[in-house]
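>>> return atomic coordinates for the entry below.
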Amino acid sequence: MGYIQKYLFIISILFTPKIIQAKDLGGNFSLYGKLSMAAIGQAGVQSLNNNSSRFGFKYERDDLLEGFTTGLRAEFGINTSNTSQSVQEIPNTTGRFQVDNTSDRPFSTRLTYLSLSKGDFEATIGKNWSVWYDISGLTDIFMVTGAFASSTYTSNGEVIGTSRGVDLVQLRYKLGNIHLGAQAKLTGDESTDITDSAGNVIGQLVLEHSIAASIRYITKNIILGAAAINLITDSTGKDISETSVSVGARYIYKEFFTAFNYADAKDLELVDGNFIRTDDFEGLIGWNITKRHQLMIGYNWQNSDEVNYEDYEMSYYLASYIYRYGQVELGLEFVFDDSTEPSGERPENHQVILGATLYF
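Reported below is the predicted structural model:
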């Protein structure tokens, strides 16, 4: 946990008693969360696992700084299933699911930030969703899986700021339908151990610099956007500057919808112990049959032109059915794995997944 994140967590604890004792919170304080589980069957292994369960609160005040709204948000992950070892035994379980379920801790910090806003301008400091996710999040809407190939939920995604980035200063501004975002890490040199799927340390990444920006055009039915992130890293004693770029779109037509994102990602993905350049693509098509029933199909693809990785290809076909009733959501997902490892092997780790979520 970074210094700023610890500081914000202490602030949230100090705020909480005052909030609870307030006689009239009005619309300034809100609680939210979900309990979610997923049963996964794959390659002869079955396990019941947590699926991004969480609880959080938001608190805002208009009387601390004239003309501005100040806010505090904290969100904590709940590990509803102590089965992380079973998850690790399932080979090549990547994407959002792996990131949220490989911890033995009962709680984890998903978001913790302070905000200052006025009109269409907002500034935040702390752990927050990144501007890179403004684009990759367009296809991250499957109930359990998905987001395999967007270079978002990587082994160091929180450190460099592609998913929920830590110690971020973030600025956002809306100009009509144009939404602008920019962010930078406050920390100086930051190092983190890089581990494989079994938890073994295989290297170290030193992050010296990370800035990112996004631009989106948003209407009721259309989202068009692009994002970029620049990293200066030191893993061999030599500074390396790399800029990754992503583009994406989402379109809704009556009960149908579609979305895609593509990224030219440089040194965001760790494959076989090495950071490599990748081409990333995610696409989906969905149908809201009724308010309660939804069908989706999608495709996640990634490959690389790096030396010794010419044979590498991530290729996942996804299918999903979701049933919603009030605050309850039930889902069935299929993942067909047509991937090829750098060694040329084809793992064929197909998955059948049952999910259940209760929102509150």
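
>>> stretch 332-344: how far from the chain's middle?
Distance of stretch 332-344 from the chain centroid (CA atoms, centre = their mean, to the nearest Å) equals 21 Å.

>>> cool, stretch 171-187 as well?
Relative to its chain's centre, stretch 171-187 lies at 18 Å (CA atoms, centre = their mean).

>>> so which bits of that stretch are buried?
Arg172, His179, Leu180, Gly181, Gln183, Ala184, Lys185 (16 or more other CB atoms under 10 Å). Using the backbone N, CA and C atoms, a C-beta is placed for each residue, glycine as well.

>>> hey, what's Tyr113 bridged with?
Arg73, Gly126 (DSSP bridges).

>>> quick one, what contacts it?
Residues in contact with Tyr113 (CB atoms under 8 Å, 6 or more residues apart in numbering) are Leu8, Leu72, Arg73, Thr124, Ile125, Gly126, Lys127, Asn128, Leu168.

>>> buried set for stretch 324-331?
So stretch 324-331, judged by 16+ other CB under 10 Å, has buried residues Arg324, Glu329, Gly331.

>>> can I take it that Ile211 is in a strand?
Yes: assigned with DSSP: H, G, I helix; E, B strand; the rest coil, Ile211 falls within a strand.

>>> tell me the SS of the nearest residue to it once chain neighbours are set aside?
Spatially, and ignoring its direct neighbours in sequence, Ile211 is nearest to Ala184 (4.6 Å; CB to CB, 6 or more residues apart in numbering). Put simply, Ala184 is strand when judged by three-state DSSP.

>>> doesn't Leu207 make contact with Ala184?
No: using CB atoms under 8 Å, Ala184 makes no contact with Leu207, being 11.9 Å away.

>>> make TSV out of the contacts of Tyr113 and add pLDDT.
Compiled in TSV, the contacts of Tyr113 are given as follows (pLDDT from 0 to 100):
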residue	pLDDT
Leu8	42
Leu72	96
Arg73	97
Thr124	98
Ile125	97
Gly126	95
Lys127	95
Asn128	96
Leu168	94
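
>>> highest neighbour count among the residues you listed?
Compared across these, Gly126 has the highest neighbour count, 28 neighbours, by other CB atoms under 10 Å.

>>> now the stretch 51-200 of the chain, which segments are flagged as low pLDDT?
82-104, 187-199 (pLDDT under 70).

>>> repeat that for 80
Residue ranges of the stretch 51-200 of the chain with pLDDT under 80: 81-106, 155-156, 186-200.

>>> would you map the strands across it?
Assigned by DSSP state E, counting those that start in this stretch, the stretch 51-200 of the chain shows strands spanning 54-61, 69-78, 107-118, 121-129, 164-175, 178-185, 190-195.

>>> partner strands of the first one and their direction?
So that's strand 54-61. Sheet pairing for strand 54-61, assigned by DSSP bridges, gives strand 29-42 (antiparallel), strand 69-78 (antiparallel).

>>> what are the contacting residues of it?
Residues contacting strand 54-61 (CB under 8 Å, 6+ apart): 15, 19, 28-34, 69-78, 110-111.

>>> which stretches of this structure form helices?
3-21, 84-89, 96-101, 133-136, 157-160 (DSSP state H).

>>> follow-up on the earlier one: pick out the most distant pair among the contacts of Tyr113.
Leu72 and Leu168 (15.4 Å; CB to CB).

>>> indicate which one of the strands of the stretch 51-200 of the chain is closest to Met143.
Nearest to Met143, of all those, is strand 54-61, at 14.6 Å by CB to CB.

>>> run the chain-centre distance for that closest one.
With CA atoms, centre = their mean as the basis, the mean position of strand 54-61 lies at 19 Å from the chain mean.

>>> what's the angle from that strand to strand 107-118?
Between strand 54-61 and strand 107-118, the angle comes out at 20 degrees (axes from the mean of the first three to the mean of the last three CA atoms, to 10 degrees).

>>> output strand 54-61 as CSV, nothing but the C-alphas.
Only the C-alpha atoms of strand 54-61 are listed here, as CSV (Å, rounded to 0.1, in the frame of the first residue of the first chain):
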residue,chain,number,x,y,z
ARG,A,54,-17.0,-5.3,-2.6
PHE,A,55,-18.5,-2.7,-0.4
GLY,A,56,-17.9,1.1,-0.5
PHE,A,57,-19.1,4.5,0.4
LYS,A,58,-19.1,8.0,-1.1
TYR,A,59,-19.3,11.2,0.9
GLU,A,60,-19.6,14.8,-0.5
ARG,A,61,-19.7,18.2,1.1
